[in-house]
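Enquirer: Below are the sequence and a predicted model for it; my questions follow.
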Amino acid sequence: MMKDEKKTKEQLVKELKELHQQVAKLEKSETEQKRIKEALQESEKKYRFLFEQCPIGVGLSSFEGKVISCNKAMESITGYSVEELKKINLADTYENPEDRKVLLEALNRNGRVVNFQVRLKRKDGTPYDTFLNISRIHIGEKDLFQTTCVDITEHKRSEEVLRESEDRRPPRSRE
C-alpha cells in the first residue's frame, strides 16, 4: 500500500507541476493579450488623430456612393457635415454625371485612381475642382473605397490668371 501511496503522491506532484505550468502560460497569455490590446488602442489613437488632423479630405464610402466616414477637411471642402454626407449619394455631388461613370470604370479596371481631376459641387451648389485618389479596400465582408480629396480650385484660378496675363503681354522683339 505504501508503494501505491507513493505513486499517487508522485502523480499528484506531477499533475500539480503541470497545472502550475498551465497557470503560468495563462498568465503570460493574459499579459500578452493586455499588451496587444494596449498597442491596438494606441495605434487607433494615432490613426484617429492623423485622420482628423489631415488637411486633405479623407473618406470611406461604399461602391454605391454612400459615405461611411470622413474627416473634418472633407466637411470643409464639400460644405456638408459628416452627418449630411452620410445621408446623400456622392453621385449627386458631380457637376457632370458622366465624370462619375468614367471614374467608376477606371476603378473597376485598375482597382484605384490617382489624381483623377474632376469638378464637383459643394452643398451650396458652387462648383470646385479637385483631385480624387481612390483605392478599393476590403474591410470585413465589404468592398469599400478610401478616398482623398484635394481642392485645387484656387490653384486652377491662379493658373487661369497667369495665362490671361501672359496673353495680354505684348510679343517680345527679337533684337
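Expert: Right, received. Where do you want to start? Residues are numbered from 1 along each chain as shown.
Enquirer: Show the model's pLDDT score for residue 129.
Expert: Here, the pLDDT recorded for residue 129 equals 97.
Enquirer: Likewise for residue 1?
Expert: For residue 1, the pLDDT comes out at 47.
Enquirer: helices or strands up against the longest strand that the chain contains?
Expert: For the chain, the longest strand by residue count, based on DSSP state E, is strand 127-139. Applying 3 or more CB pairs under 8 Å, 6 or more residues apart in numbering; DSSP states H and E, one finds that strand 127-139 makes contact with helix 97-110, strand 112-121, strand 142-151, helix 153-168. Any C-beta I mention is one placed from the backbone N, CA and C, and that applies to glycine too.
Enquirer: now the angle between strand 142-151 and that strand, please.
Expert: Interaxial angle, strand 127-139 versus strand 142-151 (axes from the mean of the first three to the mean of the last three CA atoms, to 10 degrees): 150 degrees.
Enquirer: buried residues in strand 127-139?
Expert: 128-134 (16 or more other CB atoms under 10 Å).
Enquirer: Show me what it pairs with in its sheet, parallel or antiparallel.
Expert: strand 112-121 (antiparallel), strand 142-151 (antiparallel) (DSSP bridges).
Enquirer: quick one, which of the ones you listed is packed in tightest?
Expert: strand 142-151 (a mean of 18; mean count of other CB atoms under 10 Å).
Enquirer: Give me the contacts around stretch 38-51.
Expert: Stretch 38-51 is contacted from outside by 58, 71, using CB atoms under 8 Å, 6 or more residues apart in numbering.
Enquirer: same thing but 6 Å
Expert: Here stretch 38-51 makes contact (CB atoms under 6 Å, 6 or more residues apart in numbering) with residue 71.
Enquirer: Repeat that for stretch 92-103.
Expert: 91, 116, 118-121, 127.
Enquirer: for that stretch, how far is the first residue from the last?
Expert: 14 Å (CA to CA, to the nearest Å).
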